[in-house]
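> quick one, fold the following:
(one chain, ligands or ions: 1)
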Amino acid sequence: MSFLSDNCFFSPFTEDTIKTCASFSCGDDDMDDFFRNDALSYATFMMGRSYCFRLNDAPQKIVCVFTVSNDSIRIYDLPRSRRDFMMRITHHQKRLNRYPGILVGRIGVNVEFARKGIGSEVLDFVKEWFADESNKSGCRFVIVDAVNSPNVLSFYQKNGFTFLFTTEEQEDLYTNPPKTEEERKQRLQSQVRLNTRIMYFDLLNLE
Ligand SMILES: CC(C)(COP(=O)(O)OP(=O)(O)OC[C@H]1O[C@@H](n2cnc3c(N)ncnc32)[C@H](O)[C@@H]1OP(=O)(O)O)[C@@H](O)C(=O)NCCC(=O)NCCS
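Down below sits the predicted model:
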């Protein structure tokens with residue numbers, strides 16, 4: 001039994017959705033602002049498509065919204081142990097530089113429905129959606145740039161997501177490559193606090 005499949009309908013998040021629905025808040029101002037002001041232009045420029053679940057009994061009520069876009073994991077830039085691991089979990093006939101995935105760039109659950117398992121249901125929905133044979137392209141991973149806060153990280157970990165990098169220092173070097181070896185060494189020794197952490201879920205692990 002799932003709240004979303006039993007009580008909600010799924011639809012693209014469009015201009016009409018914004019006009020006809022009650023205003024949506026997930027409790028994070030930046031995220032709310034994105035859905036209100038930027039999600040439509042992301043879709044226009046094909047940078048991300050947003051979708052929502054709304055209540056069957058009150059269609060003007062948005063329960064949750066999320067945005068997806070194509071993404072990949074750059075294998076050769078990873079630290080050696082992670083790169084070796086990634087190579088072991090795929091075929092070896094032809095080595096790829098990047099492994100394909102889908103980025104859940106934004107996800108927000110209406111504060112009225114928080115902590116009821118709905119965010120987790122949305123992640124389950126996305127996993128099945130992109131693992132499905134009818135998906136037109138190869139997609140091995142669901143990728144997220146998780147807000148670097150204990151609540152959000154624990155939310156993704158409970159949903160089977162793994163950090164791509166063990167440390168924030170390594171992740172900083174991957175997302176913002178140093179220009180010199182000297183800079184690389186310095187940054188590896190400095191304390192880094194990232195705003196977001198890259199995490200992934202392997203769709204081959206879907207039960
Ligand atoms: C993060 C978010 C999508 C989770 O949705 P949700 O429906 O509340 O999550 P679920 O009920 O499926 O999972 C709850 C788990 O997430 C974590 N969590 C989420 N919100 C939490 C909070 N306020 N305090 C502590 N833990 C929290 C906990 O691990 C919790 O498990 P528990 O209830 O067993 O302790 C939702 O809180 C949200 O929209 N937040 C604002 C936007 C945001 O930060 N999005 C993620 C950006 S990457």
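> a helix runs through Phe125, doesn't it?
Yes - judged by DSSP: H, G, I helix; E, B strand; the rest coil, Phe125 forms part of a helix.
> for the residue of the chain found nearest the ligand, give its distance to Asp145.
With Cβ to the nearest ligand atom, the shortest gap between the chain and the ligand falls at Gly119, namely 2.4 Å. Any C-beta I mention is one placed from the backbone N, CA and C, and that applies to glycine too. For Gly119, the distance to Asp145 equals 15 Å [Cβ to Cβ, to the nearest Å].
> and if you look at Asn56?
The gap separating Asn56 from Asp145 is 32 Å, by Cβ to Cβ.
> looking at those two, which has the bigger crowd around it?
More crowded of Asn56 and Asp145, by other Cβ atoms under 10 Å: Asp145, with 17 against 11.
> now the more buried one, what's its secondary structure?
strand.
> what does Gly101 give?
strand.
> sorry, back to before: could you give the number of residues near the residue of the chain closest to the ligand?
Neighbourhood size, Gly119 [other Cβ under 10 Å]: 22.
> tell me the pLDDT at the residue located most distally from the centre of the chain?
Going by Cα atoms, centre = their mean, the residue of the chain most distant from its centre is Glu182, 33.0 Å out. At Glu182, the model reports a pLDDT of 94.
> then Leu96?
Per the predicted model, pLDDT is 87 at Leu96.
> now Trp129. Nearest residue, chain neighbours left out?
Asn135 (7.2 Å; Cβ to Cβ, 6 or more residues apart in numbering).
> so how many other residues sit close to that neighbour?
Counted with other Cβ under 10 Å, Asn135 comes out at 13.
> repeat that for Phe155.
Phe155 - counted by other Cβ under 10 Å - has 20 other residues nearby.
> contacting residues for it?
Gly119, Ser120, Ala146 (Cβ atoms under 8 Å, 6 or more residues apart in numbering).
> tell me who's in contact with the residue of the chain closest to the ligand.
Cys64, Ile107, Val109, Phe155.
> need the residues of this protein near the ligand, please.
26-28, 31, 107-109, 114-120, 144, 146-147, 151-152, 154-155, 158 (Cβ under 6 Å from any ligand atom).
> show me where this structure has its helices.
With DSSP state H as the criterion, the chain has helices at 3-7, 15-20, 29-33, 39-44, 80-88, 118-131, 150-158, 168-175, 181-189.
> just want the angle from the longest one to helix 150-158.
Using axes from the mean of the first three to the mean of the last three Cα atoms, to 10 degrees, the interaxial angle of helix 118-131 with respect to helix 150-158 works out to 40 degrees.
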